[in-house]
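What shape does this take:
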Amino acid sequence: MNNKLFDDKRIAHGYASDRPWLHKYVIERIKSDLNITKSFHNGLDVGCGAGLSTKALRLICDNVTGTDISSEMIQVCLDTYAASEFTFYTAKAEESLLPETPYDIVTAAGVINWVDKDKFLKNLNLIMAEKAMLIIYDFWISDKMLGNSAYTEWFHNLYLTNFPKPPRNEDIWHPSDMPEEFTIKKQVTYQIPYKFALDSFIRFMMTQSNVNLQIQNHQKTESEIYNLMEQTLSPIFHGCNQTLIFNAYSWYIERN
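Residues are numbered from 1 along each chain as shown. The predicted structure follows:
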């Protein structure tokens, strides 16, 4: 993982305050897809960021640990969440510590684009119980707002032109690619609508890796980017909240 994109106090606090809690919607989807009727006992949230995904895992798991490669992200988690309900520590996704009790559920939200798959799964095999569930999921902004074609044009012609995506691994995992210790049980795709006001949308966009990279590389300043987005998005929002469509997926993988 390019830790430079995430291990920054500004980014960590932006994740905590400016990102919508879409993980909650994903958890509801997970409960439905897996027909979950009781809580898991011991869970791990890998790549927890500022803790939004860890807080979501707590909805279906009694004891939850969150890990992230970024010490700044972990510090935000420690400052935000009660130690009696959560455990956090800094670690690469491929190097989670051996727990006293094997995990019966592991979640990884927005992580696999940045990890070494083989090392990641090898590590998980050591820390997960038999028949434990690994849930890999992600959601990302699309080029669609409900009833707003002007946003689609802005997304392609301004946003992606000025803020191209940084390199990442976007391979889809297939059942035939899995080591014998893991079996892909189900893979689903879906969409999540979320309503933003103009300011909240811009602040959210300021946390995107596309934008973070330009700030980190001193190509543009935060104020320059915010002003550009405010100027170009104001006519698109025209004083009203707008509903952005997030694309999403969840992969359900069982440890044999």
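
how about the helices in the stretch 151-256 of the chain?
160-162, 198-205, 209-216, 222-237 (DSSP state H, counting those that start in this stretch).

Of the ones you listed, which is nearest residue 42?
Among the helices of the stretch 151-256 of the chain, helix 209-216 comes nearest to residue 42, with 30.6 Å by C-beta to C-beta. (Each C-beta comes from the backbone N, C-alpha and C, glycine too.)

Who are the packing partners of that closest one?
helix 222-237 (3 or more C-beta pairs under 8 Å, 6 or more residues apart in numbering; DSSP states H and E).

Now do the helix it packs on: which elements does it pack against?
Using 3+ C-beta pairs under 8 Å, 6+ apart: helix 222-237 touches helix 149-154, helix 198-205, helix 209-216.

6 Å instead, please
helix 149-154 (3 or more C-beta pairs under 6 Å, 6 or more residues apart in numbering; DSSP states H and E).

Using CSV, write out every CA atom in the helix it packs on.
Extracted as CSV, the C-alpha positions of helix 149-154 are listed here (Å, rounded to 0.1, in the frame of the first residue of the first chain):
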residue,chain,number,x,y,z
SER,A,149,-27.0,14.8,-15.9
ALA,A,150,-24.8,17.9,-15.3
TYR,A,151,-23.0,16.1,-12.6
THR,A,152,-22.1,13.2,-15.0
GLU,A,153,-20.5,15.8,-17.3
TRP,A,154,-18.6,17.4,-14.4
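
before we move on, back to that, among the helices of the stretch 151-256 of the chain, which gets the worst mean confidence?
In terms of mean pLDDT, the lowest-scoring of the helices of the stretch 151-256 of the chain is helix 209-216 (a mean of 89).

re the thing from before, could you dump the helices of the stretch 151-256 of the chain to CSV with mean neighbour count?
CSV is the format used below for those (neighbours: other C-beta atoms under 10 Å):
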stretch, mean neighbour count
helix 160-162, 13
helix 198-205, 18
helix 209-216, 18
helix 222-237, 15
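
Nearest approach to residue 13 belongs to which of the ones you listed?
That would be helix 198-205 among these, by C-beta to C-beta, at 10.9 Å.

ok, residues contacting the closest one?
18, 229, 237 (C-beta atoms under 6 Å, 6 or more residues apart in numbering).

quick one: the closest residue in space to the first one that isn't next to it in sequence and residue 34, what's the gap?
Closest residue to residue 18 in three dimensions, ignoring its sequence neighbours and counting by C-beta to C-beta, 6 or more residues apart in numbering: residue 203, at 4.1 Å. With the distance defined as C-beta to C-beta, to the nearest Å, residue 203 ends up 33 Å from residue 34.

With residue 85 instead?
Residue 85 is 23 Å from residue 34, by C-beta to C-beta.

So which of those two has more stuff around it?
residue 34 (16 against 12; other C-beta atoms under 10 Å).

What distance do you get for the more buried one to residue 250?
Using C-beta to C-beta, residue 34 is found at 9 Å from residue 250.

Likewise for residue 206?
Taking C-beta to C-beta, one finds residue 206 at 27 Å from residue 250.

And the two? Which one has more around it.
residue 250 (22 against 18).
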